[in-house]
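Chemist: requesting a structural model of the entry that follows:
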Amino acid sequence: MTEDIQKAVEAGKITNTAGGALEKLPPGTFVLHKSWGYGQIAGHDFLLCQTTIDFKSKKGHSMQFQYAAESLVILEPTHIAARKLMDMETLKQMAQKDHGALVRIVLESLGGRATQDQITQNLVPDLFTEATFKKWWENAKKALKADPLVGVPAKKTDPFILREEALSHKDESLSAFKAARTLKDQISALDTITKNLADFKDPAPMQAIVDALEETARKNAKLKTAETLSILVSRDEIAAKVPGVTKGEQALTIARMVIEEEKQLSLLLADLPVSKLKRIAQALPGAFEDRWVAKAVELFLRGNSKVAPELARLLVEHNQTKALATAIDKAIREHSLSSEALHWLCSERVGDFAEIAQSPRTVGAILSAMERDQFKEKRDRKLHDLLMNDQELITDMINSADEEELREVMQKLLKTPVLEELDKRSLLGRIVRVYPEMESLITGGDEVKQEALIVSWDSLSRRKDEYDDLVTKKIPQNIKDIQIAKEYGDLRENFEYKSAKDQQRVLQRRKTDFQRDLARARGTDFANVGSETVAIGTIVSIKRMSDGGEETYSLLGAWDTDPDKHVISYLSQMAQSLIGKKVGDRVSAPTENGEHEVEILKITSYKPA
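Modeler: Purely as a prediction, here's the structure:
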């Protein structure tokens, strides 16, 4: 021990064990505390028996020697936290030039194992923002898959592993498949292989895998049918993509299994992962031949939230949209469409399905489906959440409704037992914003009449042009963007898709606002406006009583605002304070620095250029 620490021990200020621990904490040492996080020893005060640590969240934090010795964990200078404190710039350069090296530092710091969430926590927000990290991480994973020193997990929740010896991912995957002792482990290893088939160019080991899969399928076809279908999908993919690999002539096929399990096919599909559903759906035409369309429609109507989109996609790809649309429309009229099918319909509501989705009848079908779901043991709230979170859905569905249909929709919302009172009020409020005359159904009072908007002909023309651009260019382009983004993969982690859907909500909200405002707009050229009092279509000169400064304003339509030309809307606070006043009147008018008393000097009629 150092002389100072030895004296503290001899004086009974700290224990001998704590003294030994304190000796390992000289100034400059990087440490971790369970509450304060990462920090660096700044110094020791032997008079007060305190250690000072510069934590990231609190500089100059002091701890008693005994507590510091017992609670601080020493970090190596190579630890990611130490390097962030010591040399952040080098780490930032590494993040741009060598993705894998940066992740390896994190893995080494965390004992050689770390999940994606743990890696994220160590890099965000110090080196990346949440938005920039996602794109960077996609590139980093590609680098890690090619790194023989890093084991990349098949599942997002499993850890990345830093190996002591280099091992190619191809060899690792093959070893994992050979070592699998259960069907579940075999499928997991198989998924890793099929995700990286481009790495497996030697047909010999892949043929061995296909042979093993066919034997496994033969043994498990009756007892574990869903798993067997999953295996056959992977087998077919390997045989199709790896040259030289063939399937057995008498081997089990997906089409054969689909036919044999027709009665329970809906339940089987529900048990399969989304990645396998597309291939099985594609087998339906070959399996059921001339009756495959009817079977696909049936499975769509009965399928869960994973199955319904795949069956709909299959029918659309085979130009069977009319058959699907007819079945959906019939089920909606009968209030028999499942919540899963309705969720798909309302999420899409474009193209050939837009007219069906955007109908007041669909509101009743949704409420009926949600009421049926109340009695299920495992209630799926996706349809409920879509109805509440998609701000435009309810207004889209009543867009073409007449007054009687509007009243019926609002009565159903008021009476349904499946929505909480706040949810009802939220949905009704969205309707009233578009159709304010319907407010009386909620309040029970007289109908509220919406005031007209007085606008100039020029601003009305511009607003109509903006609306036309919105509905003919921006909204159609957004629909295309959504379709393209869907092809990028898992919608739960698809940033492009979420961004496009967010944009869709903004555009639909703007469309609703445009429609409402244009319906209220009344164009004028401001002709024949008198100058006795301040009114819409007048020019008014005022003087500030506080400093004598003068200003002139033109009070024009609701959409006429041009600060550079001192043109203000009659709806602005300044205009509202002046309207109705005469020359010589003094009023309190709002300014950027608060209200000022002003005197009206002159009022003239506005003359359009």
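Chemist: tell me the SS of residue 588?
Modeler: Residue 588 falls in the strand class when you classify it by DSSP: H, G, I helix; E, B strand; the rest coil.
Chemist: isn't it up against residue 577?
Modeler: Yes - under the criterion of CB atoms under 8 Å, residue 588 lies in contact with residue 577, with a separation of 6.8 Å. The way it works is simple: take the backbone N, C-alpha and C, and place the C-beta from them, glycine included.
Chemist: for this protein, which strand is longest?
Modeler: When the chain is scanned for its longest strand (criterion: DSSP state E), the result is strand 594-605.
Chemist: other residues contacting it?
Modeler: Outside of strand 594-605, the residues that reach it under the criterion CB atoms under 8 Å, 6 or more residues apart in numbering are 526, 529-534, 537-546, 550, 578, 581-589.
Chemist: what mean pLDDT does that strand get?
Modeler: Computed over strand 594-605, the mean pLDDT rounds to 86.
Chemist: Three-state assignment for residue 134, please.
Modeler: For residue 134, the secondary structure call by three-state DSSP comes out as helix.
Chemist: pLDDT wise, what is it at?
Modeler: Residue 134 is assigned 88 on the pLDDT scale.
Chemist: need the residue closest to the centroid of this structure.
Modeler: Among the residues of the chain, residue 498 comes closest to the average C-alpha position under CA atoms, centre = their mean, at 4.5 Å.
Chemist: ok, residue 471 to residue 431 distance?
Modeler: Counting by CB to CB, to the nearest Å, the gap from residue 471 to residue 431 is 21 Å.
Chemist: more crowded one of those two?
Modeler: The residue with more neighbours, out of residue 471 and residue 431 and counting by other CB atoms under 10 Å, is residue 431; that gives 23 against 14.
Chemist: list the contacts of the more buried one.
Modeler: The contact partners of residue 431, taken as CB under 8 Å, 6+ apart, are 394-395, 398, 406, 409-410, 438.
Chemist: those in helices, which ones?
Modeler: Using DSSP state H to define helices, the subset of the contacts of residue 431 located there is 394-395, 406, 409-410.
Chemist: would you map the helices across the stretch 201-350 of the chain?
Modeler: Secondary structure of the stretch 201-350 of the chain, counting by DSSP state H, counting those that start in this stretch: helices at 203-220, 225-241, 254-260, 265-270, 274-282, 284-288, 292-302, 307-317, 321-333, 339-348.
Chemist: buried deepest among those helices, which one?
Modeler: Mean neighbour count (mean count of other CB atoms under 10 Å) peaks for helix 339-348 among these, with a mean of 24.
Chemist: tilt between that one and helix 292-302?
Modeler: Per axes from the mean of the first three to the mean of the last three CA atoms, to 10 degrees, the angle that helix 339-348 makes with helix 292-302 is 100 degrees.
Chemist: show me this structure divided up by domain.
Modeler: 3-75, 321-450, 453-523, 538-605 (automatic domain parsing).
Chemist: okay if I get those as a markdown table plus distance to residue 212?
Modeler: As requested, the domains of the chain are exported to a markdown table (distance: least, CB to CB, whole Å):
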| stretch | distance to residue 212 |
| --- | --- |
| domain 3-75 | 47 |
| domain 321-450 | 35 |
| domain 453-523 | 29 |
| domain 538-605 | 71 |
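Chemist: ok, back up a step: next one: the helix or strand containing the residue nearest to the centre of the chain to chain centre, how far?
Modeler: In this assignment (DSSP states H and E), residue 498 forms part of helix 495-520. When distances are taken as CA atoms, centre = their mean, to the nearest Å, helix 495-520 is centred 17 Å away from the chain's centroid.
Chemist: do stretch 214-224 as well
Modeler: The answer for stretch 214-224 is 39 Å, by CA atoms, centre = their mean.
Chemist: same deal with stretch 43-59?
Modeler: Relative to the chain's own centre, stretch 43-59 is displaced by 44 Å; criterion: CA atoms, centre = their mean.
Chemist: buried set for the longest strand of the chain?
Modeler: In terms of neighbour count (16 or more other CB atoms under 10 Å), strand 594-605 has its buried residues at 596, 598-600, 603.
Chemist: same check on stretch 577-589?
Modeler: Burial within stretch 577-589, assessed by neighbour count using 16+ other CB under 10 Å, is assigned to 577-578, 581, 587, 589.
Chemist: could you export it as PDB, CA atoms only?
Modeler: Taking only C-alpha atoms (Å, rounded to 0.1, in the frame of the first residue of the first chain), the coordinates of stretch 577-589 have been written out as PDB:
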ATOM      1  CA  SER A 577     -59.000  44.300 -32.400                       C
ATOM      2  CA  LEU A 578     -59.500  46.900 -35.200                       C
ATOM      3  CA  ILE A 579     -62.600  45.700 -37.000                       C
ATOM      4  CA  GLY A 580     -65.600  47.800 -36.300                       C
ATOM      5  CA  LYS A 581     -63.600  50.800 -35.100                       C
ATOM      6  CA  LYS A 582     -63.700  54.400 -36.500                       C
ATOM      7  CA  VAL A 583     -61.100  57.100 -37.100                       C
ATOM      8  CA  GLY A 584     -60.100  58.600 -33.800                       C
ATOM      9  CA  ASP A 585     -60.900  55.500 -31.800                       C
ATOM     10  CA  ARG A 586     -58.200  54.100 -29.500                       C
ATOM     11  CA  VAL A 587     -57.900  50.400 -29.000                       C
ATOM     12  CA  SER A 588     -55.500  48.000 -27.300                       C
ATOM     13  CA  ALA A 589     -53.800  46.100 -30.200                       C
END
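Chemist: what does that stretch contact?
Modeler: Contacting residues not belonging to stretch 577-589 are listed as 532-536, 540, 542, 545, 553, 555, 570, 574, 590, 595-603 [CB under 8 Å, 6+ apart].
Chemist: and stretch 158-175, by the same measure?
Modeler: The contact list for stretch 158-175 (CB under 8 Å, 6+ apart) reads 103-104, 107-108, 112-116, 118-119, 144-146, 148-153, 189, 192-193, 196, 199-200, 205, 209.
Chemist: now, which of these lie within strands?
Modeler: Short answer: the contacts of stretch 158-175 in strands (DSSP E) are 113-114, 150-151.
Chemist: starting at the chain centroid, how far to stretch 429-445?
Modeler: Centroid separation for stretch 429-445 versus its chain: 31 Å, with CA atoms, centre = their mean.
Chemist: before we move on, the earlier item: mind giving me the packing neighbours of the helix holding residue 498?
Modeler: Contact partners of helix 495-520 among helices and strands, from 3 or more CB pairs under 8 Å, 6 or more residues apart in numbering; DSSP states H and E: helix 393-397, helix 421-434, helix 457-469, helix 475-486.
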